[in-house]
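# Okay, predicted coordinates and the sequence, questions at the end:
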Amino acid sequence: MMPPEIQSRSFRPYIAASISSPSFTSSSFPSTSPYPPNQNPNRNSHILSPSTASSRSRFSASSFAHNTRIALALAPCAAFLLDLGGAPVVATLTLGLMIAYILDSLNFKPGAFFGVWASLIAAQVAFFFSSSLILTFNSIPLGLLAALLCAQTNFLIGAWASLQFKWVQLENPTIVLALERLLFACVPFAASSIFTWATTAAVGMQHAAYYLMIFNCVFYWMFAIPRTSSFKAKQEAKYHGGEVPDDNFILTPLEGCFHTLNLLFFPLVFHVSSHYSVIFSSAASVCDLLLLFFIPFLFQLYASTRGALWWVTKNANQLHSIRVVNGAVALIVVVICLEFRVVFHSFGRYIQVPSPLNYLLVTVTMLGGAAGAGASALGMISDAFSSVAFTALAVTVSSAGAIVVGFPLLFLPLPAVAGFYFACFVTKKSLPSYFAFVVLGSLMVTWFVLHNFWDLNIWMAGMPLKSFCKLIVANVILAMAVPGLALLPPKLHFLAEIGLVSHAMLLCHIENRFFNYPGLYFYGMEEDVMYPSYMVILTTFVGLALVRRLSVDHRIGSKAAWILTCLYSSKLSMLFISSKPVVWVSAVLLLAVTPPLLLYKEKSQTGSKMKPWQGYAHAGVVALSVWFFRETIFEALQWWNGRAPSDGLLFGFCIALTGLACVPIVALHFSHVLSAKRCLVLVVATGLLFILLQPPIPVAWTYRSDIIRAARQSSDDISIYGFMASKPTWPSWLLIVAILLTLAAVTSIIPIKYVVELRTFYSLAIGIALGVYISAEYFLQAAVLHALIVVTMVCTSVFVVFTHFPSASSTKLLPWVFALLVALFPVTYLLEGQVRIKSILGDEVADLAEEDRKLTTLLAVEGARTSLLGLYAAIFMLIALEVKFELASLMREKALERGGIRHSQSSQSSSSNFAPRMRFMQQRRASTVPTFTIKRMAAEGAWMPAVGNVATIMCFAICLILNVNLTGGSNQAIFFLAPILLLLNQDSDFVAGFGDKQRYFPVTVAISAHLVITSLYSIWEEIWHGNTGWGIEIGGPDWFFAVKNLALLILTFPSHILFNRFVWSCSKETNSSALITLPLNLPSIIISDIMKIRILGCLGIIYTIAQTLVSRQQYISGMKYI
């Protein structure tokens, strides 16, 4: 029967639709009131206010309630498609989603919506071009079908993403309902196919139909069971018994019919199409056909107890008859097929009864057991007769099963009594009967193991078979005892918890031995026997599901659920890391990390937080567990890199993992403690720095276990890579110190904001650390430059720190610091290599080797000078950014000050009611934050715009020089370098009249001027022939080349001049002079021989169009304002 919450009524409630609600057909609005129209006690209840009517609309805008269900189906499909598409699809999708995220953060919701869809479409196009499906399947029809399946899955992902936009729900309610119905109707088809595709790609095609059958059953349960819509008004309380009408369900009977057809026939048709040549070749093949149909049929009959067949009939008696009759037929077919396909095929050696009696007894055992289980599941054991029949069936099945496996006839009453006690437990819920069954069943299991395996002299999974038999028997006994222990009174639930934890630990040990010790040894012969990975996954998820169910039913406590979850989850680590103790160290790590998520979850929600000492103790336990995990990290890094990782890399991963493991503690229990968050950021940053820089670790800090020592002593590195020149890595410690000091200052762990002396020492320490690091890392052979570079970095650090946090006298000294920095630039550049160049030029050339050495030195000097240019470009860029930021802050403060003066009178009246504590806090914050004031800006900080402009211009000039040295003068580089000029400031000394409106003028002028100058240089380079002089002869090719390109270059001037004038003035052009100059750029694009002139022509057209559009927009805005 369907549960009452999803049963439908013969009548429909009437819901008055408001004017603001979306309109639906009249069939969707049957009568709501249980009273006749003339007997309704509230006859005027249909006259509702707009707000009341809107609240009772059939559509209710809310969040999509089935995100988890859809994510479980579509997220693995998306990951599989990304793996198929490769880097082009990942890059396309990442770029598109970044754009969509930016649009969403700018509160442009429609743009974000269309950005998501555009990203998916672009990714699908990239998928079609990057994936070779036709070559993979070696068939055009199969390749096209697979491509259509991928496109359908991509479309379903887009539909799911569309449901996350609330504005779509509000503006298009019918579309939202259609998308929800589309997802539930189509996701089972696409997800089961993709899951089967991925599984067969991993394990082979032999049993693909069974994989498809399993995934069909899973997704049928997830989507075909009736679910209520997320976007229809929830008014179950209005209905008698809390019943939901059919129109509140997501799916209609049509989709339910299609889901049933897919469940029953799709695996069968897939098996026939892939094995059509052998489907009737043997009895096993025929059994495959029957199993692929009747197993899903049995599953659907069971699912009908949850309402899966609601679209067939709503009569409970008819549904029960359908389940009993069809289930009996399907059960007989499935049991008989399993006998031939599984029992006699795989376990025939354990059947001790001769033919044909073995077929009869196995059939009685399996069919009787299945019939009893089905009757119990359907609730058919409810009276005395059915109880007696079930008891007789249980005794018969247990006795027949014991005879089949060769149990001695003298002890045959033992299994019969066990079956009797089990039947008593099922029919009478008697716990003593169950424990009697456990005792007798344990004896039978022990006899079976001893009889079949005890005498074998085999080593399996690194242990004798006898030891393994002991573990198996203990595990089976615990598994049989736990259900009875779980049914004990609440005071004795600790026994069930102990049994479950012991069973989980035994299972972890057995699977770890099987998976990580795959050798089987028999009289000196070795054979590889691998424990299948899917068994690890299956037992893990079954165990997690069991733990969740017992926890929900309050059969076990939170501590036991936490321990069991960690133990079962730790088994998954075996699939990724081959270390033998990985299961136990993973369990310890999970036990240390997960308490804030699993054990203290309810406490953190109710406001009961850890005490500080508990937090410190918990963090120490986490660090200790990561220390135990170090060898596993080492082996994982060794597998990833192909060689033993360095001590710095291993240490960095341990530190980063410790910080990440402490995130739940801080997030859930110390979210109000700012210092805890700052320390966590520092710990994670330290780990990342150790990972990236891999500094040398002192031997005293390291722990060399046997595994690590053996990996480090391998000579493979030398034989493969040879002897490599070692580079000093100690400077990386200086960079780590500098970065950590910066993070500590940013997070206010070091209070440089309030202590001037500490600020001074901080800036000196940062400058010295960075200066020594740069000198030792990049200028190791130029000892004369070390002092100059250290002084340069100290000046830079002092300038940046004291510009951001000025002191009383810093505004007078900072201009001189910047002047010293500018003076050091040419001195350092000229001194670099000067001594070495003089020594080279002064010595005479002795031989060819000496000449090569001098050439190498000259190249090294040139490279060092280029590195110096890059260093100073970065320094001047940093200074320009800092000055721009400070000036923007000052302008904002000035605007707020003006606004405060304007509203001073109105604020005085309300300030008397303002809390004295808050006024004191504001005064204290204003007095302690050391920022420039407007008056001090006018008196002492007037140098800032000039300094910023000088730094910007020098950075731009150095970048142009680097562009020439490194790329030979790239045409595209100016478009990336010109935006540097946006850092220019309004300055009365150098740039008069330059304001905020003209901020884009330097960029456009720089681009135009650079392209014009480089075009002239290209023309000169073509016609100048070195020592022979000019190659210009009137009428000659060089003369024609120069005249033609100069003329074409001049034709581009009008557009650029007009656009730059427009950018400077920002005034609307009343005439059409810009459009008149547009055709002048076409000859430059078509005829010119120089790429830069063509770029100028294209820019002229773009400038003209942009100027016209902006002028038109200004005109339209002005007219709207008028």
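Arrived safely, thanks for sending.
# Give the buried residues for stretch 790-801.
Neighbour-count burial for stretch 790-801 flags 790, 791, 792, 793, 794, 795, 796, 797, 798, 799, 800, 801 (criterion: 16 or more other C-beta atoms under 10 Å). Backbone N, C-alpha and C define where each C-beta goes, glycine included.
# host element of residue 959?
Element membership for residue 959, per DSSP states H and E: helix 943-967.
# Report the rounded mean pLDDT for that helix.
The average of the pLDDT scores along helix 943-967 is 88.
# Tell me the buried residues in it?
Those would be 943-956, 958-960, 962-963, for helix 943-967 by 16+ other C-beta under 10 Å.
# returning to that earlier point: filter the buried residues of stretch 790-801 down to the ones in helices?
Among these, the ones falling in helices (DSSP state H) are 790, 791, 792, 793, 794, 795, 796, 797, 798, 799, 800, 801.
# Settle this for me: the second one is touching residue 771, isn't it.
Just to be clear, that refers to residue 791. Yes: look at residue 791 against residue 771 with C-beta atoms under 8 Å: they come within range, at 7.4 Å.
# Overlap in contacts, the two.
Residues touching both residue 791 and residue 771 by C-beta atoms under 8 Å, 6 or more residues apart in numbering: none at all.
# does residue 1078 sit in a helix, a strand or a coil?
Here residue 1078 is helix, with the state taken from DSSP: H, G, I helix; E, B strand; the rest coil.
# Nearest spatial neighbour of it, chain-adjacent residues omitted?
Among residues not flanking residue 1078 along the chain, residue 1104 sits closest, at 4.5 Å (C-beta to C-beta, 6 or more residues apart in numbering).
# what ranges do the strands span in the chain?
Under the criterion DSSP state E, the chain carries strands at the ranges 459-460, 463-464, 519-522, 525-528.
# The first one packs against which elements?
For strand 459-460, the elements it packs on are strand 519-522, judged by 3 or more C-beta pairs under 8 Å, 6 or more residues apart in numbering; DSSP states H and E.
# and if we set it to 10 Å?
helix 465-486, strand 519-522 (3 or more C-beta pairs under 10 Å, 6 or more residues apart in numbering; DSSP states H and E).
# Check these for me: which has the lowest mean pLDDT.
For the helices and strands packed on strand 459-460, mean pLDDT drops lowest on strand 519-522, to a mean of 45.
# State the distance from the residue lying closest to residue 597 once chain neighbours are set aside to residue 595.
Among residues not flanking residue 597 along the chain, residue 664 sits closest, at 5.2 Å (C-beta to C-beta, 6+ apart). Here the criterion is C-beta to C-beta, to the nearest Å. By it, residue 664 lies 8 Å from residue 595.
# And residue 1054, by the same measure?
73 Å.
# repeat for residue 619
Counting by C-beta to C-beta, the gap from residue 619 to residue 595 is 12 Å.
# Just give the number of residues close to residue 555.
Other residues within reach of residue 555, judged by other C-beta atoms under 10 Å, total 22.
# List the residues that contact the closest residue to residue 222 other than its chain neighbours.
Nearest non-adjacent residue to residue 222, counting by C-beta to C-beta, 6+ apart: residue 69, 5.6 Å away. Shown in contact with residue 69 (C-beta atoms under 10 Å, 6 or more residues apart in numbering): 183, 184, 187, 219, 222, 223, 227.
# check contacts around the nearest residue to the fourth one once chain neighbours are set aside.
This means residue 219. Nearest residue to residue 219, sequence neighbours excluded (C-beta to C-beta, 6+ apart): residue 188, at 4.0 Å. By C-beta under 10 Å, 6+ apart, the contact set of residue 188 is 73, 215-216, 218-224, 255, 258-259, 262-263.
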